[in-house]
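Undergrad: Coordinates for the following, if possible.
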Amino acid sequence: MLNSDRLRALDAVARHGSLARAARALHITPSGVSQQLAKLEREAGHTLLEPHGRSVRLTHAGRVLAEHAARVQASLAAAEADLADLGDEILGPLRLGGVGSTVRTLLPDVLAALTAAHPRLRVTVVDGEAVDLLPLLLGDALDLLLIESWHSRPMPLPGGVRVRTLTVEEVRVALPAVHPLADRPALDLAELAGAVWSSCPAGTEPYEALVQALRERGMEPRIRYAVAEYATQLAFVARGLTAALIPAMGQRPCPPGVAFVPVDPPLTREVRAAWRAGGDSPSVRACLAALTAGEPEAGAR
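TA: Residues are numbered from 1 along each chain as shown. The predicted structure follows:
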């Protein structure tokens, strides 16, 4: 009989692509993962991993079994959620993550109300970029994320993730107040040819969205300031050093000397809640309900 813990290790390797990353997701050592898979190979009667450069990859048998392992993990998560539903009280851990502007703007009031209603709920929050947080969600280290998807570069999502749109907000270009275009009712990004830009670090959704938006207007971006926080980007803008694309949630707090100018054609950012398929525990559902309270039902997809 195949052992469920060993199937979980195989599922982690298939999701994360290496023994080391799987070990981090499972909070065990790489040698521990290797030992689990060696035992699973004996149980299955097939070789599941083969060398690939300095790493390993799944064999054909490994890929076949990994598909079953993923379904087993989803079924176990669904069973745990159903059992949790048998209780009347929402309690235990709720592990949240999100990009900084959404955490600062959306979560404080929501969590204050949620923890007041459910005092035995233990909430933890980390902020970061979606590219770094999604593996934690898939590896069961986080329960719910607040992520972003920009109109100029929609965010690709891996399989096994469900999302619900929370809001769509306007993105404006931040310019020094003394900039010749700062008093325009709207501007085409092409009018900022040659400008120096600030953005979040390379590989993040805001960075890739800025690059795509500028290239669509025929410009190769000059991004010289790569900083994660919008507040820091706005400090550079205020001193006349850069321009920046800033969504509505990132426009406060703002130092004096910054003008926000609408973009033509408009740019938008969609803020979404994301969770694992089968991972909608009562605490996750309660948080989703609190996040969407008073908002039109956007649905999950």
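
Undergrad: correct me, but residue 77 touches residue 284?
TA: No - using Cβ atoms under 8 Å, residue 77 is not in contact with residue 284; the gap is 11.0 Å. C-beta here means a position set from N, CA and C on the backbone, and glycine is covered the same way.

Undergrad: Looking at these two, which has the bigger crowd around it?
TA: The residue with more neighbours, out of residue 77 and residue 284 and counting by other Cβ atoms under 10 Å, is residue 284; that gives 20 against 17.

Undergrad: Can you classify the more buried one as helix, strand or coil?
TA: Going by DSSP: H, G, I helix; E, B strand; the rest coil, the secondary structure assigned to residue 284 is helix.

Undergrad: so who does it touch?
TA: With Cβ atoms under 8 Å, 6 or more residues apart in numbering as the criterion, the residues that contact residue 284 are 94, 143, 144, 275.

Undergrad: hmm, try it at 10 Å
TA: Neighbour list for residue 284: 81, 90, 94, 95, 96, 143, 144, 273, 275, 276 [criterion: Cβ atoms under 10 Å, 6 or more residues apart in numbering].

Undergrad: pLDDT value on the second one, please?
TA: With respect to pLDDT, residue 90 scores 86.

Undergrad: Can you get me a residue count around the closest residue to residue 48 other than its chain neighbours?
TA: The shortest distance from residue 48 to any non-neighbouring residue, by Cβ to Cβ, 6 or more residues apart in numbering, is to residue 62 (3.7 Å). As a burial measure, residue 62 scores 24 neighbours (other Cβ under 10 Å).

Undergrad: And residue 62, how close does it get to residue 5?
TA: Noted for residue 62: a distance of 17 Å to residue 5, by Cβ to Cβ, to the nearest Å.

Undergrad: go on, residue 67?
TA: Residue 67 sits at a distance of 18 Å from residue 5 (criterion: Cβ to Cβ).

Undergrad: nearest to residue 48, of the contacts of residue 284?
TA: Each of the contacts of residue 284 was checked against residue 48 using Cβ to Cβ; the closest is residue 276, at 23.5 Å.

Undergrad: Buried residues, stretch 160-169. List them.
TA: The neighbour-count criterion (16 or more other Cβ atoms under 10 Å) identifies 161, 162, 163, 164, 165, 166, 167, 169 as the buried residues of stretch 160-169.
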